[in-house]
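Student: show me how the following folds:
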Amino acid sequence: MLLVTGATGNVGRHLLNLLVADGHRVRALSRDPQRAAWPTEVDAVAGDLADPASLDAALTGVTSVFLFAAPGTGPAFVAAAQRAGVRRVVLMSSGAVDDDADVQNGPIATYHAEIEQALRGSGLAWTVLRPDVFATNTLMWAGQTRSGDVIRGAYAGAASAPVHEADLAAVAAAALTEDGHAGQVYRLTGPASLTHADQAAILGRALGRAIRYVELPAEVVREAMSAHVPGPILDDIFATWAGSVGRTAPTTVDVEKVTGRPARSYHDWVLDHAAAF
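Tutor: Down below sits the predicted model:
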């Protein structure tokens with residue numbers, strides 16, 4: 001039995017579908033499984049990584065787990081996995097983690113690194129996935145593109161290599177079900193470094209119209225985002241954007257190394273999500 005946590009998220013939903021299609025027995029963890037729309041083959045169970053008491057039942061009979069990182073949950077999850085006899089864990093971590101740093105830079109890197117560390121010392125077979133930037137982050141522009149052809153935001157020149165969530169799910173599926181991935185850390189990116197302005201232009205081409213990115217002062221955008229994003233996380237996001245201006249975002253071939261095919265482009269991602277824009 002395979003357990004997928006974060007099963008209602010963008011990656012989790014893709015992963016469930018892949019595993020079911022390949023004939024695996026799959027269980028999905030959710031705080032409210034009755035409200036989730038999953039394939040009928042999925043065994044939906046109630047539970048929460050932040051509630052250690054709920055994990056024992058969810059992990060019964062489970063051999064491998066896809067773990068979507070939640071702050072502060074590493075040690076309790078590891079203990080529950082050890083009690084249940086879990087053998088393999090694939091962690092969705094973050095590209096912000098710096099293996100050479102004595103102290104991680106910011107809360108995102110910090111809590112992911114803490115969970116990684118708990119797994120490394122657990123005796124479980126672990127694989128760490130470190131995506132840099134999710135292409136789904138640009139869904140925050142959808143409200144603007146539905147009402148016009150201008151995206152207004154901070155740092156037009158901020159660069160990243162956005163990765164398609166379907167590629168993340170494909171790598172996770174391989175690491176969960178194939179041998180040879182234990183002890184590996186995969187840095188997962190899309191195939192190209194793109195600025196915010198580049199992404200807006202690609203978005204327009206994919207949708208068949210001209211869309212441009214208009215840069216606003218960072219403090220204006222930060223104030224608007226502060227209603228939905230905690231301050232420390234916002235600090236991380238804006239520091240990353242500011243630090244990437246004028247640079248080329250790193251890309252890797254780890255998606256292809258694991259799955260056997262190149263990472264999908266941002267243009268591919270837009271076509272898959274065109275209805276949202």
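Student: tell me which stretches of the protein form strands.
Tutor: Along the chain, counting by DSSP state E, strands occupy 2-4, 26-30, 43-46, 64-68, 88-92, 125-131, 150-153, 159-160, 185-188, 194-195, 212-215.
Student: to residue 98, which of those strands lies closest?
Tutor: Residue 98 lies closest, by Cβ to Cβ, to one member of the strands of the chain: strand 125-131, at 10.4 Å. C-beta coordinates here come from the backbone N, C-alpha and C atoms, glycine included.
Student: name the strands paired with that closest one and say parallel or antiparallel.
Tutor: Its sheet considered, strand 125-131 pairs with strand 88-92 (parallel), strand 185-188 (parallel) by DSSP bridges.
Student: ok so, going back, okay if I get the strands of the chain as a markdown table plus mean pLDDT, mean neighbour count and distance to residue 251?
Tutor: A markdown table is the format used below for the strands of the chain (pLDDT from 0 to 100; neighbours: other Cβ atoms under 10 Å; distance: least, Cβ to Cβ, whole Å):
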| stretch | mean pLDDT | mean neighbour count | distance to residue 251 |
| --- | --- | --- | --- |
| strand 2-4 | 97 | 27 | 27 |
| strand 26-30 | 94 | 24 | 31 |
| strand 43-46 | 92 | 16 | 37 |
| strand 64-68 | 97 | 26 | 24 |
| strand 88-92 | 98 | 25 | 19 |
| strand 125-131 | 98 | 23 | 12 |
| strand 150-153 | 98 | 19 | 23 |
| strand 159-160 | 98 | 26 | 10 |
| strand 185-188 | 98 | 20 | 9 |
| strand 194-195 | 98 | 22 | 10 |
| strand 212-215 | 98 | 16 | 21 |
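Student: would you mind giving those as a markdown table with distance to residue 169 added?
Tutor: Formatted as a markdown table, the strands of the chain follow (distance: least, Cβ to Cβ, whole Å):
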| stretch | distance to residue 169 |
| --- | --- |
| strand 2-4 | 10 |
| strand 26-30 | 13 |
| strand 43-46 | 18 |
| strand 64-68 | 9 |
| strand 88-92 | 10 |
| strand 125-131 | 10 |
| strand 150-153 | 27 |
| strand 159-160 | 19 |
| strand 185-188 | 11 |
| strand 194-195 | 21 |
| strand 212-215 | 28 |
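Student: what residues are up against the closest residue to residue 155 other than its chain neighbours?
Tutor: In space, and not counting its chain neighbours, residue 155 is closest to residue 241: 4.3 Å by Cβ to Cβ, 6 or more residues apart in numbering. By Cβ atoms under 8 Å, 6 or more residues apart in numbering, the contact set of residue 241 is 154-155, 158, 218.
Student: now do residue 241 against residue 229, distance only.
Tutor: Distance, residue 241 to residue 229, by Cβ to Cβ, to the nearest Å: 13 Å.
Student: in the contacts of residue 241, find the pair that's most separated.
Tutor: Every pair of these checked by Cβ to Cβ; the farthest is 158 and 218, at 10.0 Å.
Student: could you export the strands paired with strand 125-131 as JSON lines, including distance to residue 13?
Tutor: Below are the strands paired with strand 125-131 laid out as JSON lines (distance: least, Cβ to Cβ, whole Å):
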{"stretch": "strand 88-92", "distance to residue 13": "13"}
{"stretch": "strand 185-188", "distance to residue 13": "17"}
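Student: and these: which comes nearest residue 115?
Tutor: strand 88-92 (6.4 Å).
Student: got the contact list for stretch 8-24?
Tutor: 2, 4-7, 26, 28, 30, 36, 38-39, 41-42, 66, 68, 92, 134, 136, 165-166, 168-170, 172-173, 176-177.
Student: if you set the cut-off to 6 Å instead, what comes out?
Tutor: Residues outside stretch 8-24 that contact it (Cβ atoms under 6 Å, 6 or more residues apart in numbering) are 2, 4, 6-7, 26, 30, 36, 38-39, 41-42, 136, 165-166, 168-169, 172-173.
Student: just the buried ones among the residues you listed, please.
Tutor: Buried members of these, scored by 16 or more other Cβ atoms under 10 Å, are 2, 4, 6-7, 26, 30, 36, 38, 42, 136, 165-166, 168-169, 172-173.
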